[in-house]
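A.B. asks: Coordinates for the following, if possible.
(chains A and B)
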Amino acid sequence: MVKIYSTPTCVYCKTLKGYFKKNAIEFEDIDISKDEQQLQKMIKDSGQMGVPVVDIDGEVIVGFDKVKIDTLLKINQIKHD
Amino acid sequence: MIYDLIIIGGGPAGITAGIYAGRQKMKTLLMTKEFGGQMAKKATEICNYPGFEKISGAELIEKFVGHLEKQESVEIKFAEAGRVEKEGGVFTVTTTENEKIQSNSVIIATGADPRPLEAIGEKEFIGKGVGYCVTCDGPIFKNKTIAIVGGGNAGFEAALFMTNYASKIYILEFGTEPKADQENKNEAKKSDKIEIITNASVKEIKGDKFVGSLIYQDNISKENKELEVQGVFIEIGSQPATALVKGLVDFTKRDEIMVESETFQTKTPGLFAVGDDNSGPYKQIITAAGEGCKASLAAYDYLRKVKN
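C.D. replies: Purely as a prediction, here's the structure:
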């Protein structure tokens, strides 16, 4: 299960979501500006307060850390289609 | 494989360079950590890009990226460039993951990074209350008290954006008068959430696990004062991210790359620098895009000359 914690105005979150969509990765998008409980969970799980945060089966990644994300999701390289 | 062109950066300059490279059918790689550049951090709407009377940074980027993705000869790679070298007429770009990619020309469009404040505790609390991107992390500080360091337009626009979320916003300005435009100042005056503190020199950011307070010195009374805040956003300007081409270019005192005014070529043939990376004045989205266009066409001419 893949979750993205994001805010509506965060462009980097959008880039990340676009990257997942291109690679056909299904994810749940959590808008933490609207969900205090999920915000607290994100802070607790990631130990910090910045977005985007990705949760891949309980593995928490802060920011668009492509190397970690690619490894966990077995994405190789994005080619132009 | 050797690309015709590698573009480093995904802001308006890099994206426009990519669109033009695509239209010239140049075999191009656009390498960037993320899209948007400074536009991604803009807290208020963009009102000076022709064709769009009012558009958010996020929306304009989406349009830019959508246009770029239509270019068949342009490959997009999410990676960070660490170093650029040239040997025997060929450029080698080494990523921070130590991957080496080669090309016959390079456009540097890495843009600028936020300038750090260099106060005690700032680094320690990055992501733990200290931030540089209010549009990204601002909404996390709903009903919290925050401080924005810097009384320029970026600082005021960040404060105005934060009135949607925070309960109290301090703007800390080092000088006797904030440098922001009158319009931004008037808008800020309308909000009872915003308090402007001038003559403030920020000394320390404190907290336990997360930010709890900020200490500043009043430049006139020399007295140290403490503000209880849960968030601190630094908005004191930016510095060009140009260290990757050290040795290939000449820099100004501000780390901007010296370029020819017509083509944006550096002193190394085939290496161009655009937007916030060069020494030119008037840093705007439209000028960054325009420079990206010119450098891309100049790279095309350069490659044609080299081949003949």
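
A.B. asks: May I have the secondary structure class of B:E62?
C.D. replies: At B:E62 the chain is in helix, as set by DSSP: H, G, I helix; E, B strand; the rest coil.

A.B. asks: Quick one: name the residues of the stretch 201-308 of chain B near chain A.
C.D. replies: Proximity of the stretch 201-308 of chain B to chain A, by Cβ under 8 Å from any Cβ of the partner chain, involves residues B:F210, B:G231. C-beta here means a position set from N, CA and C on the backbone, and glycine is covered the same way.

A.B. asks: For chain A, what's its nearest residue on the stretch 201-308 of chain B.
C.D. replies: B:F210 (6.8 Å; Cβ to the nearest Cβ).

A.B. asks: what's the distance between A:I75 and A:Y19?
C.D. replies: 8 Å (Cβ to Cβ, to the nearest Å).

A.B. asks: The chain: helices as residue ranges?
C.D. replies: Using chain A. A:11-22, A:36-46, A:66-73 (DSSP state H).

A.B. asks: hmm, I had chain B in mind actually
C.D. replies: Taking DSSP H, the helices of chain B run over residues B:12-23, B:57-68, B:134-137, B:153-162, B:182-190, B:285-307.

A.B. asks: Can you tell me which of these is packed in deepest?
C.D. replies: Most buried of the helices of chain B, by mean neighbour count (mean count of other Cβ atoms under 10 Å in any protein chain shown): helix B:12-23, with a mean of 28.

A.B. asks: Counting by contacts, list what it packs against.
C.D. replies: Applying 3 or more Cβ pairs under 8 Å, 6 or more residues apart in numbering or on different chains; DSSP states H and E, we find helix B:12-23 packed against strand B:5-8, strand B:28-32, helix B:57-68, strand B:74-78, helix B:285-307.

A.B. asks: which other residues reach that helix?
C.D. replies: B:4-5, B:7-8, B:28, B:30, B:32, B:35, B:37, B:39, B:64-65, B:67-68, B:70-74, B:107, B:109, B:111, B:274-277, B:285-286, B:288-293, B:295-297, B:299-300 (Cβ atoms under 8 Å, 6 or more residues apart in numbering or on different chains).

A.B. asks: and it, average pLDDT?
C.D. replies: Across helix B:12-23, the average pLDDT comes to 98.

A.B. asks: and what of stretch B:234-250?
C.D. replies: The model assigns stretch B:234-250 a mean pLDDT of 96.

A.B. asks: what about it, how long is it end to end?
C.D. replies: One end of stretch B:234-250 sits 29 Å from the other (Cα to Cα, to the nearest Å).

A.B. asks: Return the distance of that stretch from the chain's centre.
C.D. replies: Using Cα atoms, centre = their mean, to the nearest Å, the mean C-alpha position of stretch B:234-250 is found 10 Å from that of the whole chain.

A.B. asks: What of stretch B:278-291?
C.D. replies: 12 Å.

A.B. asks: Switch the helices and strands packed on helix B:12-23 over to JSON lines; also include distance to B:Q265 and mean pLDDT.
C.D. replies: Formatted as JSON lines, the helices and strands packed on helix B:12-23 follow (distance: least, Cβ to Cβ, whole Å; pLDDT from 0 to 100):
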{"stretch": "strand B:5-8", "distance to B:Q265": "13", "mean pLDDT": "98"}
{"stretch": "strand B:28-32", "distance to B:Q265": "17", "mean pLDDT": "98"}
{"stretch": "helix B:57-68", "distance to B:Q265": "23", "mean pLDDT": "95"}
{"stretch": "strand B:74-78", "distance to B:Q265": "21", "mean pLDDT": "96"}
{"stretch": "helix B:285-307", "distance to B:Q265": "6", "mean pLDDT": "97"}
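
A.B. asks: Look up the closest residue to A:M49, ignoring the ones flanking it.
C.D. replies: B:I140 (5.2 Å; Cβ to Cβ, 6 or more residues apart in numbering or on different chains).

A.B. asks: OK, contacts around that neighbour?
C.D. replies: Contacts of B:I140 by Cβ under 8 Å, 6+ apart are A:T7, A:I32, A:S33, A:L39, A:M49, A:G50, A:V51, B:G231.

A.B. asks: likewise B:M1?
C.D. replies: Taking Cβ under 8 Å, 6+ apart, we find B:M1 in contact with B:Q102.

A.B. asks: so B:D218 touches B:L227, yeah?
C.D. replies: No. With contact defined as Cβ atoms under 8 Å, B:D218 does not count as touching B:L227 (11.9 Å).

A.B. asks: Just want to know which of these two has more residues nearby.
C.D. replies: B:L227 (19 against 14; other Cβ atoms under 10 Å in any protein chain shown).

A.B. asks: need the contact list for the more buried one.
C.D. replies: Applying Cβ under 8 Å, 6+ apart, we find B:L227 in contact with B:T145, B:A147, B:Y170, B:S213, B:L214, B:I215, B:Y216.

A.B. asks: Quick one: neighbours of B:Q217, just the number.
C.D. replies: B:Q217 is flanked by 16 other residues according to other Cβ under 10 Å.

A.B. asks: Skip the chain neighbours and tell me the closest residue to it.
C.D. replies: Using Cβ to Cβ, 6+ apart and skipping residues adjacent in sequence, the residue nearest B:Q217 is B:S201, 4.8 Å away.

A.B. asks: now the one you found: how far from B:A119?
C.D. replies: For B:S201 relative to B:A119 (Cβ to Cβ), the value is 9 Å.
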